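> Predicted model and sequence follow; I will ask about them next.
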Amino acid sequence: MKLKKFHYKNVNSTNDVAIRKIKKGIKNGIVVSERQKKGRGRYGKKWISYKGNLLLSIFFEIKKNLSIREFTKNNCLSLKKIMSKYVKQKITIKLPNDLLVEGKKLSGILQEKIYYNDKKFIIIGIGINIIRNPFIKNYPTTNLFELTGKKISKSNIFIKIKKNYEKKIKYLCT
């Protein structure tokens, strides 16, 4: 199944845009934005979003009964595999939803399950620090440029993530 791309320069939250798309009758897609004003992590924690980093939300209808915990684990493993193509250092998963390199946060995933018109949808928000990372007190962060010394193409990573989910959706939606 192909995911339609919805591109924005600036949004409050890519997950919020995905929710609006679902409520307009769009069953699946991928929302990407250059910036987020009110990006969020788990428990409403603020996700600091810098221009040049990859900020996206994938959404689709699910018909299988999935444990959100198992789904989170699979999403982290998938993203880890993609990031491993760029980073030589070991990438670890800090449960439940962060990717770390040398103990520093490189990426985070926020999943939300919503119900609309008797249908169940999953929204997977992904933030990857590509060129700049925020300062978070008591939680070290990093970015791909810092780790590799190279400019990594945001669009190449986007394409890999999109293709990965287009394969997964077929399994999850049937």
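The structure has been received and is ready for your questions.
> helix, strand or coil for the closest residue to Ile124 other than its chain neighbours?
Leaving aside its chain neighbours, Ile124 sits nearest to Ile58 (4.7 Å; criterion: Cβ to Cβ, 6 or more residues apart in numbering). (C-beta placed from N, C-alpha, C; glycine too.) Assigned state for Ile58: strand (three-state reduction, DSSP: H, G, I helix; E, B strand; the rest coil).
> show me the contacts for Ile58.
By Cβ atoms under 8 Å, 6 or more residues apart in numbering, the residues touching Ile58 are Leu3, Ala18, Gly29, Ile30, Ile123, Ile124, Ile126, Ile161, Lys162, Tyr165.
> so where's this structure uncertain?
For the chain, the stretches with pLDDT under 70 are 38-48, 171-174.
> Buried ones in the strand ranked longest in the chain, by neighbour count?
Assignment by DSSP state E gives strand 104-116 as the longest strand of the chain. The neighbour-count check on strand 104-116 (16 or more other Cβ atoms under 10 Å) flags Lys104, Lys105, Leu106, Ser107, Gly108, Ile109, Leu110, Gln111, Glu112 as buried.
> which SS state does the residue positioned nearest the centre of the chain fall under?
Geometric centre of the chain, nearest residue: Ile126, 1.4 Å, by Cα atoms, centre = their mean. When the structure is reduced to helix, strand and coil (three-state DSSP), Ile126 reads as strand.
> Next one: it from Gly25, what distance?
Separation of Ile126 from Gly25 (Cβ to Cβ, to the nearest Å): 24 Å.
> following the helix or strand where Glu61 lies, which helix or strand comes up?
Assessed by DSSP states H and E, Glu61 sits inside strand 54-62. With elements assigned by DSSP H and E, the helix or strand that comes after strand 54-62 is helix 68-83.
> Show me what that next one is packed up against.
If contacts are counted by 3 or more Cβ pairs under 8 Å, 6 or more residues apart in numbering; DSSP states H and E, helix 68-83 sits against strand 91-94, strand 98-101, strand 104-116, strand 119-128, helix 154-172.
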